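here is the input, now give the coordinates:
(2 chains)
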Number of protein chains: 2
Amino acid sequence: MFDPAAYHRLTTRFARIATVSEAGAMLGWDAAAVMPPGGAPARGDQLAVLAGVAHSLLTAPEVGDDLAAAGVPDDPWVAANLRLMRHEHARATALPAHLVEAEARVNSACEKVWRAARADNDFARVAPSLEEVLTLVRQRAQALGEQLGMSPYDALMDLNQPGMLTAELEPLFDRYEAFLAEALPRAEAKQKRSPPPIRLAGQFPAETQEKLCRRIAERAGLDFTHARLDRSLHPFCGGTPSDVRITMRYDESDPVQALMAVLHETGHALYERGLPEVWSRQPVGQASGMAAHESQSLIMEMQACRSDAFMGWLSNELVASFKDIGSAGPAWAPANLARLWRRVERGFIRVDADEMTYPAHVIMRFRLERAMVAGDLAVRDLPGAWADEMKRLLGIVPPNDTRGCLQDIHWYEGMFGYFPAYTLGAMAAAQLMAAARGTVPHMDRCLARGDLAPLGAWLRAHVHAHGSRLDFNELLVEATGWKLDPSAFEQHLTARYLA
Amino acid sequence: MFDPAAYHRLTTRFARIATVSEAGAMLGWDAAAVMPPGGAPARGDQLAVLAGVAHSLLTAPEVGDDLAAAGVPDDPWVAANLRLMRHEHARATALPAHLVEAEARVNSACEKVWRAARADNDFARVAPSLEEVLTLVRQRAQALGEQLGMSPYDALMDLNQPGMLTAELEPLFDRYEAFLAEALPRAEAKQKRSPPPIRLAGQFPAETQEKLCRRIAERAGLDFTHARLDRSLHPFCGGTPSDVRITMRYDESDPVQALMAVLHETGHALYERGLPEVWSRQPVGQASGMAAHESQSLIMEMQACRSDAFMGWLSNELVASFKDIGSAGPAWAPANLARLWRRVERGFIRVDADEMTYPAHVIMRFRLERAMVAGDLAVRDLPGAWADEMKRLLGIVPPNDTRGCLQDIHWYEGMFGYFPAYTLGAMAAAQLMAAARGTVPHMDRCLARGDLAPLGAWLRAHVHAHGSRLDFNELLVEATGWKLDPSAFEQHLTARYLA
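Here you go, the predicted model:
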């Protein structure tokens, strides 16, 4: 039984909700990229009101009625769309309005304290705020878990990587821990046998870097009639599918980082651009969660563009861009650039980590936040627990909290259950690349001439075009034949760092 | 009898509405200043949905109840706020939702056709779209007029210059027509007796012009922690009071225009910045209509900055900015720059018109749009009527429609009843300047050193700080002692162009 009239009312409403959210996405970009500082308080209100409007539209009483009346359609896209509508509605109605508003207030206050606490290496100052945040997060997790029939922590993760539960994640992460314990020392030993990388010395104007980044993004398939490239403190990909906004940051003493960052963000952007237009603004037309999204940025950055083949081409581009300021000498040799771009290193900072140690940063955060949400780890004990986990996974202990549990914004703005997406994405990227290599002829030959079009076409067909009709694991089954299987990622790391 | 609870609910709701409108204002700026072209369709939807959300909030049934219950407060600000709420509510409830949505769609479609039609000088192509626009405008005018107890055309004007009716405008405009018939030939004759202005020759990089414009805007009192200066096809002032967005266009073969344009937009921006913060997001905290707004841009551009005193300072700034590319010679002499900045000329294009002939462009549009709204002028007859009016007022006939009735966007995006604001603003600016000169000591001495602060302070106190507690004429009475009186404007023109 399917009621087309009820379904039609729902699609109209969800399109409206999505359109309001698009407005919010654009204002978020504006705040990060161009807004004068004096605009911040008003912008906070604007974003809160838009979120409130979207929430009201989603939780209006007639939505529940229509969702019940709509029944079960035959068409798989329509069925998936309805399923996702019901899921979003269930999530939204699980939370009382006062909790949503309290979280907005408390999270935004905590984030401010955190900025100062991080700058001053003063965890004690932000601990009370984080306790408040955590109290509300636990209430949210509890309410969502009851509504969705999941554990509280799984209910938090469900937003970011729908379909992935703790029970599936834990063995994946345990396995990676074991892999890393063996692989990391070997990679370090191998690295020691090759010459140390030489940093590029000089002054590299942001304008020149930006031009190069733009060309690279275009080359990777981004169409700038539907995109912008700007600057912000933290690079990100925002905007909407028909108007994607990438931002970058340029270090004028180091032109190497931005190139990989722009390829990363371009991977995100291409996912948005490749979503099925006919389902735009419907739940099923969105990207399939953050883990899937991260797989698209990482397949671009880590799999395709840090490959031997592509790096040869990229080195030439880099050398050509800076030839006016003397891009010659041993530092500019492709082999040295490869060593700069593919260096394994035990470090304290997640966002600076290489692809082999990055999962360790994620795994420890996953364990710590699970324990906090479960009530097994008190906020005051976080710095100690952080040091213990770091020691266990990477054998190092951060010298202070600024480089430890104060480094990431996530928890301090109420984001729990997000971190796993990074590593799920990295593993999925390797699995997808292996599958793409099995289908796309001469992949390396294409990469060697900087041609990402064949890979892009494969991703569009096998990932982007599905929107969120399939969840993370279903998407992988469809594209690669298997659910998430970490062996592709391990093989990739082994080939790149141990062979 | 005053019900504070009902009033409190209303202020909360109107703040929410204003916040949604702020989001729309920001997205409007984005569309004009930075959006990639591919984002346009989605942006249109976003703006339409936000407008719809604001409209729903304003027309919800409980608003009428609360407005009725709120009664009559003692405080004049609260009373004015309630009066404006009731007025906005009356305007909004006069219009059925389907009309609002149809206008959004039809206007946006017509605007697109107009762009092509104007480029190709093909009025016939856009005429059917304009008919559709006009049909809906007339429905709106009819509905608004019935609700507000005004004629349809007055109901359209009411949005832009509340309190100014056709009955008051017509004699003002007739009087100006008579003044112009006598003054224009005299001004031309006088102009002929002085040497013709020499255009500045050279290439003037947009970046240098932008830097100068930014400095001038800052000098005029604009605080860039609450503002931005960007570029767009048509200069405008958008954004919100705490985050004003000015845009400019730079002609690299002529650095003279941008300087006046930036002062114009800065006048608008300072009005927004000077609105009473304690009433922000309330109706009474907004600017008092578009005529008042235009008075603020024109007092800056025409009254203060085209004065002999200020132009001396401005010429020095201009010469200093371009000294690297040879800003010397007779063209750069202050007297020549004054002749460039204050040239009277019968022309076809409104936005290029000088301050003496500009009202003629407005008067003819006022007459034509009134006739169209009344049903006395058919769209197909517009080009002919345009030529007739132009001939009568300025004695010239446009060579084609691109330079005639296709030149302005207003009608093609459904904006009728707006044009009078420009001339009301010009007249008010002269009246305000005369009053300011009567109070601010040594105004010319300040202007001669580029010091606009005393004038700015006077405007803040006598215009900006009133928000829209006073309507256009009340504001003038408060600030100058009189309702709008065109004699100050005539005296100003006489002194500047005929003496």
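
if I look at A:Pro454, how far off is A:Glu182?
According to C-beta to C-beta, to the nearest Å, A:Pro454 and A:Glu182 sit 35 Å apart. Heads up, the C-betas are built off the backbone N, CA and C, glycines and all.

and these two? Which one has more around it.
Between A:Pro454 and A:Glu182, A:Pro454 has the larger neighbour count (other C-beta atoms under 10 Å in any protein chain shown), namely 17 against 10.

could you look up the SS state of the more buried one?
The three-state label given to A:Pro454 by DSSP: H, G, I helix; E, B strand; the rest coil is helix.

mind checking the SS state of the residue nearest in space to the middle of chain A?
Nearest to the mean C-alpha position of chain A, counting by C-alpha atoms, centre = their mean, stands A:Glu294 at 4.4 Å. State at A:Glu294, reduced to three classes by three-state DSSP: helix.

buried residues of whatever helix or strand A:Met364 lives in, list them for me.
Assigned by DSSP states H and E, A:Met364 belongs to helix A:358-374. Buried positions in helix A:358-374, judged by neighbour count with 16 or more other C-beta atoms under 10 Å in any protein chain shown: A:358-373.

before we move on, what about stretch A:163-174?
A:Gly163, A:Met164, A:Thr166, A:Leu169, A:Leu172, A:Phe173.

give me the pLDDT value at whichever residue of the stretch 201-350 of chain A sits closest to chain B.
For the stretch 201-350 of chain A and chain B, the shortest gap (C-beta to the nearest C-beta) falls at A:Asp243, measuring 3.0 Å. A:Asp243 carries a pLDDT score of 98 in this model.

low-scoring stretches of the stretch 201-350 of chain A, by residue?
By pLDDT under 70, the stretch 201-350 of chain A contains no weakly predicted segment.

can you list the residues of it near chain B?
Contact residues (C-beta under 8 Å from any C-beta of the partner chain) of the stretch 201-350 of chain A with chain B: A:Asp223, A:Phe224, A:Thr225, A:His226, A:Ala227, A:Arg228, A:Gly239, A:Thr240, A:Pro241, A:Ser242, A:Asp243.

dump the residues you listed into a markdown table; add secondary structure and neighbour count as well.
Below are those laid out as a markdown table (DSSP: H, G, I helix; E, B strand; the rest coil; neighbours: other C-beta atoms under 10 Å in any protein chain shown):
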| residue | secondary structure | neighbour count |
| --- | --- | --- |
| A:Asp223 | coil | 14 |
| A:Phe224 | coil | 15 |
| A:Thr225 | coil | 10 |
| A:His226 | coil | 20 |
| A:Ala227 | strand | 25 |
| A:Arg228 | strand | 20 |
| A:Gly239 | strand | 25 |
| A:Thr240 | strand | 23 |
| A:Pro241 | coil | 24 |
| A:Ser242 | coil | 21 |
| A:Asp243 | strand | 30 |
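
how about the helices in the stretch 351-499 of chain A?
Listed in chain order, the helices of the stretch 351-499 of chain A (DSSP state H, counting those that start in this stretch) span A:358-374, A:382-394, A:420-439, A:443-448, A:453-462, A:472-480, A:487-493.

select, out of those, the one closest to chain B.
Comparing those by C-beta to the nearest C-beta, helix A:453-462 comes nearest, at 16.9 Å.

avg pLDDT for the closest one?
Helix A:453-462 comes out at a mean pLDDT of 97.

for that helix, buried residues please.
A:Pro454, A:Leu455, A:Gly456, A:Trp458, A:Leu459, A:Arg460, A:His462.

so how far is it off the chain centroid?
Chain-centre distance of helix A:453-462: 20 Å, with C-alpha atoms, centre = their mean, to the nearest Å.

also stretch A:254-266?
Distance, centroid of stretch A:254-266 to centroid of chain: 15 Å (C-alpha atoms, centre = their mean).

so what touches that stretch?
Stretch A:254-266 is touched from outside by A:199-200, A:204, A:208-209, A:212-213, A:216-217, A:220-222, A:229, A:235-237, A:246-251, A:297-298, A:300-301, A:304-306, A:314, A:318, A:321-322, A:337, A:340-341, with contacts defined as C-beta atoms under 8 Å, 6 or more residues apart in numbering or on different chains.

out of those residues, list just those in helices.
In this view, those that belong to helices under DSSP state H are A:208-209, A:212-213, A:216-217, A:297-298, A:314, A:318, A:321, A:337, A:340-341.

tell me which two of these sit farthest apart.
Within the ones in helices among the contacts of stretch A:254-266, A:Thr208 and A:Leu298 form the most distant pair, 26.5 Å apart (C-beta to C-beta).

when the two are compared, which one has more neighbours?
Taking other C-beta under 10 Å, A:Thr208 and A:Leu298 do not tie; A:Leu298 has more neighbours (29 against 16).

how much space is there between that one and A:Pro359?
A:Leu298 is 12 Å from A:Pro359, by C-beta to C-beta.

shared neighbours of the two, which are they?
In contact with both A:Leu298 and A:Pro359: A:Ala426, using C-beta under 8 Å, 6+ apart.

tell me who's in contact with A:Val278.
When contacts are counted by C-beta under 8 Å, 6+ apart, A:Val278 touches A:Gly285.

if I look at it, how far off is B:Gly39?
Applying C-beta to C-beta to A:Val278 and B:Gly39 gives a distance of 19 Å.

one more: A:Asp388?
For A:Asp388, the distance to B:Gly39 - C-beta to C-beta - is 48 Å.
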